[in-house]
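Peer 1: How does the following fold in three dimensions:
(one chain, ligands or ions: 1)
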Amino acid sequence: MSRPRLFIHVRDPKLADELERSAIIRQFIIVKSGDDSTWSEQLQQQDCELALIETDQHDDADHQALLASKILTEIDFIFISSGTPNERLDQLMRKGAGYHFRAPLDVASLLDTLHDFYQQLSTKRTDVSATCSELDQFGLLVGSSKPMLKLYRTIRKVAVTDANVLIVGESGAGKELVANTLHLASMRADKPFVAINCGALSPELIDSELFGHNKGAFTGAHRDHQGVFAQAKGGTLFLDEITEMPIEHQVKLLRVLENGEYRPVGSDKVFSAQVRIAAATNRDPMQAIADGMLREDLYFRLAQFPIHVPPLREREQDVLGLAQHFLAYRNVQEQQTKQFSAETQCLIASHSWAGNVRELKHAVERAYILADSIIEPNHLLLDECMPGQNDCELAAASVPVGVRLDEVEKAVILRTLALNGGNKTDTAQQLGVSVKTLYNKLEKYQFD
Ligand SMILES: Nc1ncnc2c1ncn2[C@@H]1O[C@H](COP(=O)(O)OP(=O)(O)OP(=O)(O)O)[C@@H](O)[C@H]1O
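Peer 2: Residues are numbered from 1 along each chain as shown. From the prediction side, this is the model:
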C-alpha cells in the first residue's frame with residue numbers, strides 16, 4: 001500500500017501546527033510549501049495526490065494558474081478561506097476542484113475529509129504505466145489516469161446522495177457513461193436508468209414525452225402513454241444535451257424540480273416525481289446561460305452537484321490503454337488475436353482525438369474490420385476523416401452518376417457525424433436540419 005502525498009500551504013501558524021500534529025495528516029507523505037515561489041508553482045512541481053490550500057484574495061494569480069493547468073483535473077483540492085466571496089475560487093469549484101471550507105473552520109470535519117481521502121488514495125494503485133492494457137474500471141468507465149481516478153471518487157461521493165447532477169464535458173468524453181455509472185453506484189441501481197436526448201424531443205410532444213398523456217388528450221393520443229418521469233420511477237433520469245431543450249420548455253422541467261410533482265397531459269391526477277436527475281451538456285453552462293440557451297434557475301436546480309468529465313487529451317495516460325481495451329473486447333467477441341503494430345500505437349498515442357473516447361472507439365472498430373491480423377496506421381482511417389480543401393467539390397466529383405439520392409444522403413450524414421465525433425447537435429447544425437430530423441434519419445439507417 002503506497003502512502004499518498006499531501007501538499008500543504010497553510011499561512012496561519014497556529015492552524016499549521018494543529019494540523020501537523022494530527023495523526024490523520026501524519027499518515028500522508030507531507031510536502032509543505034516554501035517561500036521561494038508561489039504555491040501554485042510549487043504544487044505543479046510536486047507529484048502530490050491532494051492539496052490543502054489556505055487561500056485568500058491575494059492568490060488570484062495562483063487561482064488563474066490552476067484554472068489553466070491540467071493538475072486541476074488530476075488531483076484533489078481542499079481550500080480553506082475566510083469566506084469573502086471570490087469569483088476565481090468559485091470558478092475552480094465549478095471545475096470540480098474539490099472542497100472549500102469557509103471560516104470559522106471546523107477542524108474536525110476538515111480532518112474527517114482528509115481521512116476519507118487518505119482511505120481512497122492509499123488503496124488505489126498510483127504506478128500505472130502509460131502503455132498498460134489492463135486499465136482500472138469503475139462502473140462502466142474505463143481508465144487509470146489521475147483525472148479518471150478523481151472522477152471515480154467524485155461519482156462515489158455523490159452516488160450515495162440524492163442530489164441532482166449536471167455533467168459537463170465535450171462530446172464523446174463519456175457523459176452518458178458517467179450518468180449510468182452514477183446510477184449503478186447509487187441506491188437506485190435496481191430501478192430504471194432512462195436516458196433522453198433533450199435536443200431530439202419534438203416541441204409539440206415534449207410534455208407528453210416528459211410527463212406522459214392520457215388516451216384522447218390530443219389528436220393521435222390513441223392510448224395512455226407513460227412519460228420518462230414515470231418510466232424512471234425510483235431510478236435515474238438522464239437528460240442529455242439539456243441546453244438544446246427550447247428555453248420555453250425548460251420552465252416545465254423547473255416546475256417539476258421545484259414541486260417534485262408532474263401531471264400527464266389530459267389527466268387531472270398529479271404524480272410525485274421519484275427520480276434523480278442527471279443532466280448533461282457539452283456547452284459551458286455559464287456561457288449557455290449568457291447565450292439564453294439555459295435558464296439560470298434551472299441550472300441551479302440541476303447543478304446541485306456539477307461533475308466535470310475531462311476530455312481525452314487530458315488523460316494521455318489512458319489513450320493507448322483504452323484503444324487496447326476496445327481491441328481486446330472485439331478480439332474476445334470475434335475469437336481473434338489482432339494486434340496494433342508499433343507505428344499504430346505511436347499514432348494512437350499522438351493523435352489529438354477531438355471526438356474524445358467515441359472517436360477513438362470508432363477508429364479502433366473500423367481498423368479491426370479492415371485489418372487481417374496486424375492493425376497498421378492506415379487501417380485507423382484518420383486521414384480520411386480530415387476535411388480537405390474544396391471538400392464539397394471533391395465529394396460531388398467522387399459520387400458516381402446515378403447513385404440513389406438516399407444513399408448519398410446517408411453517406412453525407414454518417415461522414416459529417418464521424419467528423420463531429422458523433423455530436424448530433426453539431427452535425428444537425430452543419431447539415432441544416434433539426435436534431436429531431438437527424439435522429440429520424442439515423443433511426444431509418446438503424447445506425448447506433
Ligand atoms: N471512460 C470510458 N470507458 C469506456 N468507454 C468510454 C469511456 N468514455 C466514453 N466511452 C465510450 O465512448 C462513447 C461515447 O460515450 P458517451 O456517449 O458517454 O459520451 P457523451 O459525452 O455522452 O457524448 P455526447 O455529448 O455526444 O452525447 C460510448 O461508446 C462510450 O461507451
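
Peer 1: where's the helix or strand where F117 lies relative to the chain centroid, distance-wise?
Peer 2: Per DSSP states H and E: F117 is located in helix 107-122. Here helix 107-122 is found 25 Å from its chain centre; the criterion is Cα atoms, centre = their mean, to the nearest Å.

Peer 1: need the strands for the stretch 101-250 of the chain, in chain order.
Peer 2: In the stretch 101-250 of the chain, the segments counted as strands under DSSP state E, counting those that start in this stretch are 137-138, 141-142, 165-168, 193-197, 236-240.

Peer 1: Let me see the residues that make contact with the helix holding F117.
Peer 2: The contact list for helix 107-122, computed with Cβ atoms under 8 Å, 6 or more residues apart in numbering, reads 1-4, 6, 15, 18-19, 22, 24-25, 27-28, 49-50, 52, 76, 78, 80, 99, 101, 153, 156. The C-beta positions use only the backbone N, C-alpha and C, and glycine is treated the same way.

Peer 1: And D12, how far from the ligand?
Peer 2: Counting by Cβ to the nearest ligand atom, to the nearest Å, the gap from D12 to the ligand is 40 Å.

Peer 1: Give me the neighbour count for that residue.
Peer 2: 12 (other Cβ atoms under 10 Å).

Peer 1: Can you point out the buried residues in whichever helix or strand D406 is part of?
Peer 2: Using DSSP H and E, D406 sits within helix 405-419. Buried residues in helix 405-419, counted by 16 or more other Cβ atoms under 10 Å: K410, I413, R415, T416, L417, A418, L419.

Peer 1: Need these in a markdown table (columns: pLDDT).
Peer 2: Formatted as a markdown table, those follow (pLDDT from 0 to 100):
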| residue | pLDDT |
| --- | --- |
| K410 | 81 |
| I413 | 85 |
| R415 | 79 |
| T416 | 81 |
| L417 | 82 |
| A418 | 77 |
| L419 | 76 |
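
Peer 1: Tell me the one among those residues nearest to the ligand.
Peer 2: L417 (10.0 Å; Cβ to the nearest ligand atom).

Peer 1: Once you drop chain neighbours, what's closest to that closest one?
Peer 2: The shortest distance from L417 to any non-neighbouring residue, by Cβ to Cβ, 6 or more residues apart in numbering, is to T427 (4.8 Å).

Peer 1: I29 now?
Peer 2: Nearest to I29 is R5, by Cβ to Cβ, 6+ apart, at 4.6 Å.

Peer 1: what's the helix or strand just after the helix holding D406 packed up against?
Peer 2: Sequence order places helix 424-431 as the next helix or strand after helix 405-419, per DSSP H and E. The contact analysis (3 or more Cβ pairs under 8 Å, 6 or more residues apart in numbering; DSSP states H and E) places helix 424-431 against helix 405-419, helix 435-444.

Peer 1: quick check, helix 424-431 touching the ligand?
Peer 2: No. Counting by Cβ under 6 Å from any ligand atom, the ligand has no neighbours in helix 424-431; the shortest distance is 6.8 Å.

Peer 1: Between helix 435-444 and that helix, find me the angle.
Peer 2: Interaxial angle, helix 424-431 versus helix 435-444 (axes from the mean of the first three to the mean of the last three Cα atoms, to 10 degrees): 100 degrees.

Peer 1: what residues does helix 424-431 touch?
Peer 2: So helix 424-431 is in contact with 171, 197, 199-200, 241, 244, 282, 412-413, 416-417, 420, 434-435, 437-439, 442, going by Cβ under 8 Å, 6+ apart.

Peer 1: quick one: buried residues of it?
Peer 2: Buried-residue list, helix 424-431, by 16+ other Cβ under 10 Å: K424, T425, D426, T427, A428, L431.

Peer 1: Around the ligand, pick out the residues from this structure.
Peer 2: Counting by Cβ under 6 Å from any ligand atom, the chain sits next to the ligand at 141-143, 169, 171-177, 240, 282, 357-358, 361, 422-423.

Peer 1: Apply 8 Å and report the result again.
Peer 2: The chain comes close to the ligand at residues 137, 140-143, 148, 167, 169-180, 197, 240-241, 280, 282, 309, 318, 322, 325-326, 356-358, 360-361, 421-424, as judged by Cβ under 8 Å from any ligand atom.

Peer 1: Only whichever of these are buried, select them in ChimeraX.
Peer 2: Buried members of the residues of the chain next to the ligand, defined by 16+ other Cβ under 10 Å, are picked up in ChimeraX with:
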select :141,142,143,148,167,169,170,171,172,173,174,175,176,177,178,179,180,197,240,241,280,282,309,318,322,325,326,356,357,358,360,361,421,422,423,424
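
Peer 1: For the residue of the stretch 1-150 of the chain found nearest the ligand, report the pLDDT, please.
Peer 2: With Cβ to the nearest ligand atom, the shortest gap between the stretch 1-150 of the chain and the ligand falls at V142, namely 3.5 Å. V142 is assigned a predicted lDDT (pLDDT) of 91.

Peer 1: Cool, thanks, talk later.
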